[in-house]
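J.: Have a look; sequence and predicted model below, questions after that.
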Protein chains: 2
Amino acid sequence: MATRTVEDYLKTLYGEQQRAGGELVAMGAVAASMNVTPGTATAMVKALAESGLVDYEPRGGVRLSAKGEKLALHVLRRHRLVELFLVQVLGLDWSEVDEEAEELEHAISDKVLAKLDELLKYPSVDPHGDPIPSSRGKLPSRTLASLVDCDLGRTVRVARVMDQNPAFLQFVDRHHLKPGTELVVRHRDAIADAVSITSKNHPALTLGTSAAAKILVEAV
Amino acid sequence: MATRTVEDYLKTLYGEQQRAGGELVAMGAVAASMNVTPGTATAMVKALAESGLVDYEPRGGVRLSAKGEKLALHVLRRHRLVELFLVQVLGLDWSEVDEEAEELEHAISDKVLAKLDELLKYPSVDPHGDPIPSSRGKLPSRTLASLVDCDLGRTVRVARVMDQNPAFLQFVDRHHLKPGTELVVRHRDAIADAVSITSKNHPALTLGTSAAAKILVEAV
DNA sequence: GATATATCTTTGATCACTCAAAATAGGATA
DNA sequence: TATCCTATTTTGAGTGATCAAAGATATATC
């Protein structure tokens, strides 16, 4: 069985790999993301390669093998189902569940996971709109625009928030931008680095581009 | 923060200490209970003593300190609340939850624990009738008789089952002896090493003494 | 092309936990 | 009292994960 640390590396690697868009993930990125020194990352990645979970090219970078990706998706499934459970059943705030799930994702057996899935009625996304991999390791993928690249003046619905930082999530909540909310992007100003939006029942709001880029939306 | 292993030793020590009735717990018992070699047990217990979690007398034995007992009870609380949750909310069978809780007890934060407690309506016992320590570390204690020492011919109610072995728990379930069931001990036969019981709606049943001793009952 | 810089790998060490096997202490037995 | 047996402790070693710091390698800059 994969150790807790191994599961964490694989999950992180999966995330970095998305960000890297098919390219090899640099060791520096792994080290930074795992909060370890570069030497530690190199050592661990070599061990993962030894177990056939990743392909590693010295001084090139690392990429998940099919086997590693499968395991990563399984961890991700546990993480996201747990998050949804914590919000929907236990009533925790969505800003705190990522941290909690970080622990629980390693302690949940397949049996408990299946029961959780059943209790939650086989959901496809977690409270942040992140897709939940199926038990067979398939990740339902939607193509979503963000507030910085969706159409202006058209009503869209928030579908996903790409940042687990509690402060950011609380901000999103406070300004009624949680997944499910409908809104319209009124205009963008490249010079001011800002995006202005409006929605029913709530005051207009202007966000900086980097924050706006984390709010993904779908057509309604 | 106490490591996972430390939590397991403390929990085990708490159990052995009950069994030992106030006496020092022998290192052999610790090793056997933790499934490690005697040398490992000695090394760990010395480390626990170093952290002030136990009092250790070389070649004498070990006992939890106040600090150690408090932590042990906190682990026990997590374990038992999780067990109840798994049975009542997720619908797992009572014979399999001990094993599951063994993992989860180390992954549950105080925040989640409090929510769990609330969801379960502040229960005082787990599915096996084991008392759940309060958040302040108080263990509600009842004095219970067992099927081998309760009154004959009087109706009693099953209150606790003192064995987490899945096969035993399934047996108990199959013969309708779960906590809450009412029954009458008809007679005991020291020579045959047997205890015979009857209950409403179910056939009479005879148990060996060692099995009967694990079923604790209270007056109704 | 030579050098500087950022990134990566290696090396040597440590920590927590574990085992196997040798050494030791105490109580029981003769 | 001397010996034996059993429980316990010690010793030496290994694993998984980590760090600090030294060494190596590309890549960018001049």
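T.: Alright, I've got the coordinates.
J.: and the longest helix along chain A, does that touch DNA strand D?
T.: Scanning chain A for the longest helix, with DSSP state H as the assignment, gives helix A:66-88. No: judged by C-beta under 7 Å from any atom of the strand, helix A:66-88 stays clear of DNA strand D, getting no closer than 13.3 Å. C-betas here are computed from N, CA, C, even on glycine.
J.: before we move on, what about stretch A:41-54?
T.: Yes: shown here: stretch A:41-54 in contact with DNA strand D (C-beta under 7 Å from any atom of the strand) through A:Ala43, A:Met44, A:Ala47.
J.: a markdown table for those, including secondary structure and neighbour count?
T.: Compiled in a markdown table, the residues of stretch A:41-54 next to DNA strand D are given as follows (DSSP: H, G, I helix; E, B strand; the rest coil; neighbours: other C-beta atoms under 10 Å in any protein chain shown):
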| residue | secondary structure | neighbour count |
| --- | --- | --- |
| A:Ala43 | helix | 12 |
| A:Met44 | helix | 20 |
| A:Ala47 | helix | 15 |
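J.: tell me which of those is nearest to chain B?
T.: If you rank these by distance to chain B using C-beta to the nearest C-beta, A:Met44 comes first, at 19.9 Å.
J.: Quick check: nearest residue in space to that closest one, chain neighbours excluded?
T.: Distance criterion C-beta to C-beta, 6 or more residues apart in numbering or on different chains; nearest residue to A:Met44, sequence neighbours excluded, is A:Tyr9 at 5.8 Å.
J.: wait, is the one you found part of a helix?
T.: Yes: counting by DSSP: H, G, I helix; E, B strand; the rest coil, A:Tyr9 is found in a helix.
J.: if I read this right, it contacts A:Ala31, doesn't it?
T.: No: counting by C-beta atoms under 8 Å, A:Ala31 is not a contact partner of A:Tyr9; they are 10.8 Å apart.
J.: related to what we said a few turns ago, quick one: the residue nearest to A:Met44 from chain B, how far?
T.: 18 Å (C-beta to the nearest C-beta, to the nearest Å).
J.: check contacts around that residue.
T.: Contacts were defined as C-beta atoms under 8 Å, 6 or more residues apart in numbering or on different chains; by that measure A:Tyr9 touches A:Val30, A:Met34, A:Met44, A:Val45, A:Leu48.
J.: And A:Asp151, what's its pLDDT?
T.: pLDDT for A:Asp151: 91.
J.: now A:Asn201
T.: pLDDT recorded at A:Asn201 is 87.
J.: need the residues of chain A near chain B, please.
T.: With C-beta under 8 Å from any C-beta of the partner chain as the criterion, chain A meets chain B at residues A:86, A:89-92, A:96, A:100, A:103-104, A:106-109, A:111-112, A:115-116, A:119.
J.: Filter those down to the buried ones.
T.: Taking 16 or more other C-beta atoms under 10 Å in any protein chain shown as the criterion, what is buried in the residues of chain A next to chain B is A:86, A:89-90, A:92, A:96, A:100, A:103-104, A:106-108, A:112, A:115-116, A:119.
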